[in-house]
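1. Here's my sequence, what's the structure:
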Amino acid sequence: MTASRWRALVCMLLFALSTLARAAMSGMPAPVAIAPGVYAFLGDNDAVAPANHGIVANNGFIVGPEGVTVIDTGASYRYGRAMIEAIRKITPLPVKLVIITHQAPEFVFGAAAFRDDGVPILAHARAAQLIRERCSICLANLRKTLGEDEMAGSRVTVPDKTVNGTTEIESGGRQLQLLHFGPASTPGDLAVLDTQSGVLFAGGLVSNGRIPELRNEQIPGWLAALENLHALDLKTVIPGFGAPLRGDGIMRTGDYLRELDAAVKRAYKNGVGLTEAMHTVQVPAFEHDKLYAIAQPQNVQRIYLQLEKQ
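-> Presented below is the predicted three-dimensional model:
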């Protein structure tokens, strides 16, 4: 290779690297192939912060012969637009449907970008209700954390299609099972199973390497939902947070919930005050998971206050 051609190649590589770096800094998602036609965008699994552009949760899409189904949409309009562009690089097929698994802010605010493209948005009826009633507060909090520029164009987008329980749908030429087991991590949790590949998007029901944040939960229902999912003998599970799991891996979320609930109840029964419980009730097996220092005392507080109301 001549010197001039070598310099040209080096320049091309440097340009490509700089383009990738700019994409990374702007929060552009990179889809990961999970199974034929199934892709996931994996967040960094940490707390929402300017450094990660709020890209902490997982979402993804399923490509069928007739179109694309998107599962969850990230924390901002900007992220939603980036998802659309990333999908277009995988397939020219249109996005036919967006499914929101639950109303947590890290999953819903990119939906406005799809609404602007005329894509219908589906959720459980209770999730849609909570988005309508509460997500304006979540949006204001994200604006404070991430800044107006990062959240530009973001708005509350209420799903225009709802389901009330487990149902099977066809979307983009793929058969999808929308699984609802009653109130669990939220009142309106959906898990989305692509029957062709056996991949499940678990939404708020499962976390991997990150402490679940208790917000609108019913712990007995959550544990029952995890047992029901485990009984499906799933091959691959995309959790709401963290790396993909094998089916057995989802039960670690249940282990945390059981140990947390039991520990708070012991402290309450033994007369430990709320402030002391928030500092002393621990679940040691999970102390190295992300958000433990932040979420653990908040989770203790939530369960403790519920016990006081009983």
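2. Pull the number of nearby residues for Phe41.
-> 26 (other C-beta atoms under 10 Å). Backbone N, C-alpha and C define where each C-beta goes, glycine included.
3. shouldn't it be in contact with Ala33?
-> No - using C-beta atoms under 8 Å, Phe41 makes no contact with Ala33, being 11.6 Å away.
4. Check the secondary structure at Glu85 for me.
-> helix (DSSP: H, G, I helix; E, B strand; the rest coil).
5. what's the neighbour count on it?
-> Using other C-beta under 10 Å, Glu85 has 12 other residues around it.
6. element containing the nearest residue to Ile294 once chain neighbours are set aside, please.
-> What sits nearest to Ile294 in space, not counting adjacent residues and going by C-beta to C-beta, 6 or more residues apart in numbering, is Ala47, at 6.4 Å. Of the helices and strands defined by DSSP states H and E, none includes Ala47.
7. what about Ala47, distance to Asp72?
-> 18 Å (C-beta to C-beta, to the nearest Å).
8. neighbour count winner among the two?
-> Remark: of Ala47 and Asp72, Asp72 carries more neighbours, 29 against 16, as counted by other C-beta under 10 Å.
9. Could you pull up phi and psi at the more buried one?
-> Main-chain dihedrals, Asp72, degrees, to the nearest 10: phi 70, psi 160.
10. Against Thr157, how distant is it?
-> Asp72 is 12 Å from Thr157, by C-beta to C-beta.
11. Could you name every residue contacting both of those two?
-> The contact sets of Asp72 and Thr157 overlap at Val108 (C-beta atoms under 8 Å, 6 or more residues apart in numbering).
12. so who does Arg118 touch?
-> Residue 118: Gly, not Arg. Counting by C-beta under 8 Å, 6+ apart, Gly118 has no contacts.
13. Ala202 and Pro239 touch, don't they?
-> Yes - judged on C-beta under 8 Å, Ala202 makes contact with Pro239 at a distance of 5.3 Å.
14. Sketch out the strands for the chain, chain order is fine.
-> If DSSP state E is used as the criterion, the strands of the chain fall at 32-35, 38-41, 59-63, 68-71, 95-99, 121-124, 161-163, 167-171, 174-179, 191-194, 199-207, 236-241.
15. got the contact list for the last one?
-> By C-beta under 8 Å, 6+ apart, the surrounding residues in contact with strand 236-241 are 34-35, 40, 43, 45, 56-58, 60, 101-102, 104, 107, 197-210, 229, 244-247, 249-250, 253.
16. ok now that strand, how far from the chain's centre?
-> 8 Å (C-alpha atoms, centre = their mean, to the nearest Å).
17. quick one: contacts for the residue nearest to Thr101 when sequence neighbours are not counted?
-> Computed as C-beta to C-beta, 6+ apart, the closest residue to Thr101 that is not its neighbour in sequence is Gly203, at 2.7 Å. When contacts are counted by C-beta under 8 Å, 6+ apart, Gly203 is found next to 71-72, 101-102, 107, 185, 189-192, 240.
18. So the residue nearest to Ile294 is in contact with Ala57, correct?
-> No - Ala47 is beyond contact range of Ala57, at 11.3 Å (criterion: C-beta under 8 Å).
19. any idea how far Tyr304 is from the residue positioned nearest the centre of the chain?
-> Central residue check for the chain by C-alpha atoms, centre = their mean: the C-alpha nearest the mean position is that of Gly240, 3.6 Å away. Applying C-beta to C-beta, the value for Gly240 to Tyr304 is 25 Å.
20. Kindly report the same for Asp117.
-> Counting by C-beta to C-beta - Asp117 and Tyr304 are separated by 45 Å.
21. ok, Gly204 to Gly198 distance?
-> Look at Gly204 and Gly198: by C-beta to C-beta, they are 21 Å apart.
22. Pick out the most distant pair among the contacts of Gly203.
-> Distances among the contacts of Gly203 were taken as C-beta to C-beta; the most separated pair is Ile71 and Ser185, at 15.7 Å.
23. Tell me which of the two has more neighbours.
-> Comparing Ile71 with Ser185 by other C-beta under 10 Å, the one with more neighbours is Ser185, at 30 against 27.
24. what about that one, distance to Leu226?
-> Ser185 sits 10 Å away from Leu226 when distances are taken as C-beta to C-beta.
25. list residues touching both of these two?
-> Leu205.
26. Averaged pLDDT, stretch 141-153. What do you get?
-> For stretch 141-153, the mean pLDDT works out to 96.
27. Only the C-alpha atoms, please, for that stretch, written as PDB.
-> Only the C-alpha atoms of stretch 141-153 are listed here, as PDB (Å, rounded to 0.1, in the frame of the first residue of the first chain):
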ATOM      1  CA  ASN A 141     -38.100  15.900  37.500                       C
ATOM      2  CA  LEU A 142     -36.200  14.600  34.400                       C
ATOM      3  CA  ARG A 143     -36.000  18.200  33.100                       C
ATOM      4  CA  LYS A 144     -34.300  19.200  36.400                       C
ATOM      5  CA  THR A 145     -31.900  16.300  36.300                       C
ATOM      6  CA  LEU A 146     -31.000  16.100  32.600                       C
ATOM      7  CA  GLY A 147     -31.600  19.800  31.500                       C
ATOM      8  CA  GLU A 148     -33.900  21.400  29.000                       C
ATOM      9  CA  ASP A 149     -31.700  20.700  26.000                       C
ATOM     10  CA  GLU A 150     -31.600  16.900  26.700                       C
ATOM     11  CA  MET A 151     -35.400  16.800  27.300                       C
ATOM     12  CA  ALA A 152     -36.300  19.200  24.400                       C
ATOM     13  CA  GLY A 153     -39.500  18.100  22.800                       C
END
